[in-house]
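Enquirer: Sharing a sequence plus its predicted fold:
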Amino acid sequence: MATQWQTFPIEFRGGLISNQSPLQQGTNAVGSATFLQNFEASKEGGYSKILGYTKHDSSAVPGSGSILGVKVVNSSDTLAVRKDGSASKVYLSTGSGWTLKATSATAAGGKVTFENFDFSSSNIIVLVDGVNYPAVFDDTANTVTYMTSSDTTDVLAASSVARFKSAMFYAKGTNLIFTAPTTYNDFSVANGSGTLNIGDEIVGLKVFRDQLIIFGRNKIKRLSGNSAADYVVSPISENIGCIAGPTIQEVGGDLFFASVDGIRSLAATDRIGDFGLEIPSDPIAKNTYDFMQSASDFSSVVIREKAQYRIFAYNSSEQQTAAGGLLATKLLPQGGSGLAWAETKGIKAYVADSAYTDSLSEIVLFGNEDGYIYKLESGSSFDGSNISAIYESPFMPINDPQMRKSFYKSTFYIDPTGSLSFDYSVKYDFDKGPEAGVIQPDTDTVSATGNSIFIYGNTSSVFNSATFGGSLDKVYTENIIGSGKTIALRIEDTSTNPTFTLDTVLLEFATEDRQ
C-alpha cells in the first residue's frame, strides 16, 4: 500500500521566544524562533533579513574616542559631537566632510542629548552634555553657541533636555529647571521660569500624551499643566526606574525604556490620566538578562516606518561583529504584548538618532568610537561586511510527540528582492546523535533558480547578458531525508545578498509507527 503523505504548514511569525519549554514552544508557537538573529518580524507578515548600514559621510568626525552625540537636522544636515583633546567639539555635515561649529569649555564625560525648539522663525536645536552649559544650534544662522553664566548657572552640567508645552526643561541631578514660556534661555522667575525638585536622579525626559514623563533612576513621575502657575508633579511609579536615559523611545504610541528587570513599556490605559507598566521583554527573558549583563552602556533608536524599537549594548573594546542588540517590532496598536522580538549582531552603536526629514523620508543614524556616522536601513551589508542572519525554530512534534514521522520534502514561500542563497538544515529529536539512534541530515543550500535577475542601477549588475525586469522565484522546493518524532529548522544567510522575507514553509511527511 502506498505511503500517505501529509502536509504541515509553518507560518513564520511570533518572533524570538525564550521563556517557554522546548515542547511547549514547538506545540503552541509554531513559526516562532528559539534563535532569531538579524531577522525582523515584518508588519506584512513573515521574517525579513534586516537591511544593512553604510557611511553617512565618507569622512570621520575629527577627534578621538566615541561619538558623543548625533542628530538628524534635516535631509541634508547632520550634527555630531566628539571629544578632541580637553574639549568637546560640535561639527556639522552636509554630506561630505565635517565643519567645526563650536568648542566647549570642558570635554563632555557622557552622551549629548538634543531637543528641537520651534517657537521661533529659526530651526533651533538645544544640546546638553552633563558637563558644560547647554549649546544652541541655529539652523538659519548656521551657528552653534554655548550659554554662559549670564544666562544662569542652574543649567551648567544639565544632562537631559525636553520641550514641553511652551517651555524648555533641563534636568540636572534631581532638579528640573524650566524656562519662561516660548523661550529656551530665559531663566527669569519673573517671566515664568522656575525649578522643581523631583527627589530622584533624573536620567531622561520624554513628552507623552500631553504630559512630561520624568524618568528617575528609581522612580518615574509625570508633570502636567501649562505654565509655572499650574505645573503639577505626580508619581507613576515609586519603585521602578530607568537605568539608561538613551534607551527611552516612543514606538507606536507607547514608551519603551530599559529597567533593572528588562525592557519596560509605559502605555496609556482606558482610564483617563492612567498608565500601565508592562515588561514586554518577558517572552525573551533569558536573552534580555544576558543582554543587560553584557554591557553597562546602552543606546536605542526607533524606526517609525516599521514601528520598530532597537536597543544596542556598547563595549568600546568589543569587535563590531560581536556587538549585540535587541529588536522589537510592534504589531498591535497598543500595549507591549504585541511585540515580536529578535536579536541584532554586528551593529556597534554608542549613540543613535532617527527622524523624518523635510523630504518625508526617515533617516536613521548611529556612531561609535571609530568616528564615522553610519546610516542604518541602507544597503545589504554592514559597511561592506556580511550580515549573518539566522533563524532557528523550536522542535515541533507535529500533532503527536510520540509518533515517528518520515520527512520527504519542504516547500518555501519566500519574497526575495534580488539574489538569494541560504543554508538550510533540519534537526530531529532535540538534536540527538547517532548514539541515540538518530541520524541528522547534512546542511543543504536554497538558492534562486533559473535566469538571474538584474536591477537597473545596482552596482553588481552586468549589462552584457543581463535580464532586466524579470520576475524573481518565490517558491523553492527542497528534498529532506530522515525521520524523527520532532523536527526543527535552521536557516542561515551570511552574505551581502539583498533582503528577503520568509513567508511560509510546508513540510511533507508520512506518519510511521509509535515507538
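Expert: That came through fine.
Enquirer: make it CA atoms for all contacts and neighbour counts henceforth
Expert: Fine.
Enquirer: which residues touch Leu100?
Expert: Lys89, Val90, Tyr91, Leu92 (C-alpha atoms under 8 Å, 6 or more residues apart in numbering).
Enquirer: again, only using 7 Å
Expert: Contacts here follow C-alpha atoms under 7 Å, 6 or more residues apart in numbering; on that basis Leu100 touches Val90, Tyr91, Leu92.
Enquirer: Also Gly130?
Expert: Counted by C-alpha under 7 Å, 6+ apart, Gly130 has contacts Ala108, Gly110, Ala157, Ala158, Ser159.
Enquirer: How about the last one, nearest residue that isn't a chain neighbour?
Expert: Computed as C-alpha to C-alpha, 6 or more residues apart in numbering, the closest residue to Ser159 that is not its neighbour in sequence is Gly130, at 4.0 Å.
Enquirer: Against Val61, how distant is the one you found?
Expert: From Gly130 over to Val61 the distance is 21 Å, taken as C-alpha to C-alpha, to the nearest Å.
Enquirer: for Ala180, same thing?
Expert: Ala180 is 35 Å from Val61, by C-alpha to C-alpha.
Enquirer: Kindly report the domain assignment for this structure.
Expert: The domain map for the chain lists 6-40+390-514, 112-241, with the assignment taken from automatic domain parsing.
Enquirer: mind putting these in JSON lines, mean pLDDT and distance to Ile303 included?
Expert: Output for the domains of the chain, formatted as JSON lines (pLDDT from 0 to 100; distance: least, C-alpha to C-alpha, whole Å):
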{"stretch": "domain 6-40+390-514", "mean pLDDT": "87", "distance to Ile303": "12"}
{"stretch": "domain 112-241", "mean pLDDT": "95", "distance to Ile303": "17"}
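Enquirer: Nearest to Ser300, out of those?
Expert: domain 112-241 (12.7 Å; C-alpha to C-alpha).
Enquirer: More neighbours: which of Ala180 and Val61?
Expert: Val61 (28 against 22; other C-alpha atoms under 10 Å).
Enquirer: ok, the more buried one - contacts?
Expert: Val61 touches Trp98, Gly371, Tyr372, counting by C-alpha under 7 Å, 6+ apart.
Enquirer: Then Arg404?
Expert: Here Arg404 is in contact with Ser483, Gly484, Lys485, Thr511, Glu512, Asp513, Arg514 (C-alpha under 7 Å, 6+ apart).
Enquirer: so how far is Thr443 from it?
Expert: Applying C-alpha to C-alpha to Arg404 and Thr443 gives a distance of 21 Å.
Enquirer: Also Asp383?
Expert: 28 Å.
Enquirer: Pick out whichever of these two has more residues nearby.
Expert: Asp383 (17 against 13).
Enquirer: Wait, that one touches Leu51, no?
Expert: No. Applying C-alpha atoms under 7 Å as the test, Asp383 and Leu51 come out as separate, 11.0 Å apart.
Enquirer: for the stretch 201-350 of the chain, which spans come out with low pLDDT?
Expert: In the predicted model of the stretch 201-350 of the chain, residues 268-274, 333-337 satisfy pLDDT under 70.
Enquirer: how about the strands of the stretch 101-250 of the chain, start to end?
Expert: In the stretch 101-250 of the chain, strands defined by DSSP state E, counting those that start in this stretch lie at 113-117, 124-128, 135-138, 143-146, 160-164, 167-172, 175-178, 194-197, 202-208, 211-216, 220-224, 232-237, 249-251, listed in chain order.
Enquirer: can you check the stretch 301-450 of the chain too?
Expert: Ranges of strands in the stretch 301-450 of the chain, per DSSP E, counting those that start in this stretch, are 308-314, 324-330, 339-345, 351-356, 362-367, 373-376, 387-392, 403-416, 421-428, 444-447.
Enquirer: Give the partner strands of the longest one in its sheet and their orientations.
Expert: Take DSSP bridges as the rule and strand 403-416 pairs in its sheet with strand 475-479 (antiparallel), strand 483-484 (antiparallel), strand 500-514 (antiparallel).
Enquirer: ok, Glu250 - contacts?
Expert: With contact taken as C-alpha under 7 Å, 6+ apart, Glu250 is in contact with Phe256.
Enquirer: circling back to that earlier point, and the contacts of Gly130 as TSV, adding distance to Ser18?
Expert: Shown next, in TSV, are the contacts of Gly130 (distance: C-alpha to C-alpha, whole Å):
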residue	distance to Ser18
Ala108	39
Gly110	34
Ala157	41
Ala158	40
Ser159	36
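Enquirer: so which of those comes closest to Asp400?
Expert: Of all the contacts of Gly130, Asp400 sits closest to Gly110, with 55.7 Å by C-alpha to C-alpha.
Enquirer: Give me the distance between that closest one and Leu212.
Expert: According to C-alpha to C-alpha, Gly110 and Leu212 sit 23 Å apart.
Enquirer: Have a look at these two and say which one is more surrounded.
Expert: Between Gly110 and Leu212, counted using other C-alpha under 10 Å, the more crowded position is Leu212 (21 against 15).
Enquirer: which residues does the more buried one bridge with?
Expert: Val207, Leu223.
Enquirer: out of the domains of the chain, nearest to Asp282?
Expert: Relative to Asp282, the nearest member of those by C-alpha to C-alpha is domain 6-40+390-514, separated by 7.2 Å.
Enquirer: count of neighbours near the residue nearest to Ser483 when sequence neighbours are not counted?
Expert: With C-alpha to C-alpha, 6+ apart as the criterion, Ser483 has its nearest non-adjacent residue at 4.2 Å, and that residue is Ser406. Residues lying near Ser406 (other C-alpha under 10 Å) number 17.
Enquirer: which ones are touching Ser406?
Expert: Under the criterion of C-alpha under 7 Å, 6+ apart, the contact list for Ser406 reads Gly482, Ser483, Gly484, Phe509, Ala510, Thr511, Glu512.
Enquirer: Stretch 131-146 spans what distance, first to last residue?
Expert: Stretch 131-146 has its terminal residues 12 Å apart, counting by C-alpha to C-alpha.
Enquirer: and if you look at stretch 113-126?
Expert: Stretch 113-126 stretches 8 Å from its first residue to its last (C-alpha to C-alpha).
Enquirer: Helix, strand or coil: sort out Thr99 for me.
Expert: Using DSSP: H, G, I helix; E, B strand; the rest coil, the structure places Thr99 in strand.
Enquirer: buried residues in stretch 421-433?
Expert: Buried residues in stretch 421-433, defined by neighbour count with 16 or more other C-alpha atoms under 10 Å: Ser421, Phe422, Tyr424, Ser425, Val426, Lys427, Tyr428, Asp429, Phe430, Asp431.
Enquirer: contacts for stretch 44-60?
Expert: For stretch 44-60, contacts defined as C-alpha under 7 Å, 6+ apart pick out 12-13, 38-42, 95-97, 371-383, 389, 499-503.
Enquirer: let's go with 6 Å and repeat that
Expert: 12-13, 38-41, 95-97, 371-383, 499-503 (C-alpha atoms under 6 Å, 6 or more residues apart in numbering).
Enquirer: Sweet, I'm off.
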